[in-house]
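Novice: Structure of the sequence below:
(one chain, ligands or ions: 1)
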Amino acid sequence: MRKPVIVGNWKMNKTVSEASQLLEEIKNLDLDSEVEAGVCTPAIDLLVAKEKLEDTGVNFGAQNMYFEESGAFTGEISPTMLTDIGAKYVILGHSERREYFKEDDELINKKVISALDHGLTPILCCGESLEEREADKQEDKVKSQIEADLKDVSSEDIEKVIIAYEPIWAIGTGKTASSDDADKMCGFIRSIIEDKYGTDLSEKVRIQYGGSVKPNNVVELMGKENIDGALVGGASLKASDFESLVNFNK
Ligand code: PEP
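Specialist: Numbering: from 1, shown residues only. The predicted model follows:
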């Protein structure tokens, strides 16, 4: 059985004082312990997350990192900086990083390998644009991303990776993929993993859907066979919504 995993991606939101307030609210939520929950905050909020979420069962992580441990890489944060403060996750290959910061699959692959080498859980994002979906190219796009981003990831490590299928046209737009379409794509991603790592391992990999997940659609999405969780932007910024998302089973 794959443990459901709901993670908030705060993106570039919440100053330290705002984060402190939201994390205090999250700390006091009554969350389903059968669901793995986490928040990926801006780097500057990570220490506050560490402090506030201690002993709550809610994990925290970053939204990006560089693959090197230290050195002359101005503006970057490293895997060792993240593990040093107890971060669990790092989101890699988010479409906003790919689009606005021109991150390519080669770089994302280096980051995935580095995250795994340091014991971090990469949340690897993939997904097609509206143009690609309209041209029925969503599978080609996602396949090429997954194959390139997971290059040289070992059989021992693959089950530690969380994959987030995020159709770009559904992110922050209020448009959600239909639960059947999302399930189909998550199933397709599982088949790519199966081809490379075999059935047993592919059954262990958790695949999230992301794209305008809200309290009013999470139950339907999470009811689908191949959807093991959600990566949530906007709706994770309100404690009561985050609670409804994590408690989708209650
Ligand atoms: C995201 O940030 O990964 C995301 C899916 O955002 P939203 O839930 O706001 O669409």
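
Novice: How about the residues of this protein by the ligand?
Specialist: Residues of the chain lying close to the ligand (C-beta under 6 Å from any ligand atom) are 9, 11, 166, 171-172, 210-213, 231-234. Every C-beta, even on glycine, is put in place using the N, C-alpha and C of the backbone.

Novice: Please pick the buried ones from those residues.
Specialist: For the residues of the chain next to the ligand, a neighbour count by 16 or more other C-beta atoms under 10 Å gives the buried set as 9, 11, 166, 171, 210, 211, 212, 213, 231, 232, 233, 234.

Novice: mind checking the SS state of residue 180?
Specialist: Under DSSP: H, G, I helix; E, B strand; the rest coil, residue 180 falls in the helix class.

Novice: who's in contact with it?
Specialist: residue 224 (C-beta atoms under 8 Å, 6 or more residues apart in numbering).

Novice: for residue 38, same thing?
Specialist: 5, 6, 7, 8, 58, 59, 60, 61, 88, 89 are the contacts of residue 38 under C-beta under 8 Å, 6+ apart.

Novice: now, which of these lie within strands?
Specialist: 5, 6, 7, 8, 58, 59, 60, 61, 89 (DSSP state E).

Novice: now, which of these sits nearest residue 152?
Specialist: Among the ones in strands among the contacts of residue 38, residue 89 lies closest to residue 152 (C-beta to C-beta), at 20.7 Å.

Novice: if we can go back for a sec, lowest-confidence member of the buried ones among the residues of the chain next to the ligand, which is it?
Specialist: Among these, residue 171 has the lowest pLDDT, at 88.

Novice: What residues of stretch 29-45 count as buried?
Specialist: Under 16+ other C-beta under 10 Å, the buried positions of stretch 29-45 are 29, 31-32, 35-43, 45.

Novice: Need the max-distance pair from those residues.
Specialist: 32 and 43, at 28.3 Å, using C-beta to C-beta across those.

Novice: now the residue nearest to residue 10 when sequence neighbours are not counted: how far from residue 57?
Specialist: Distances taken as C-beta to C-beta, 6 or more residues apart in numbering place residue 41 nearest to residue 10, at 5.1 Å, with adjacent residues excluded. To residue 57, residue 41 is 17 Å away according to C-beta to C-beta, to the nearest Å.

Novice: ditto for residue 152
Specialist: Going from residue 152 to residue 57 by C-beta to C-beta gives 33 Å.

Novice: Please say which of those two ends up with more neighbours.
Specialist: Comparing residue 152 with residue 57 by other C-beta atoms under 10 Å, the one with more neighbours is residue 57, at 12 against 9.

Novice: That one contacts residue 31, correct?
Specialist: Yes - counting by C-beta atoms under 8 Å, residue 57 touches residue 31, with 6.9 Å between them.
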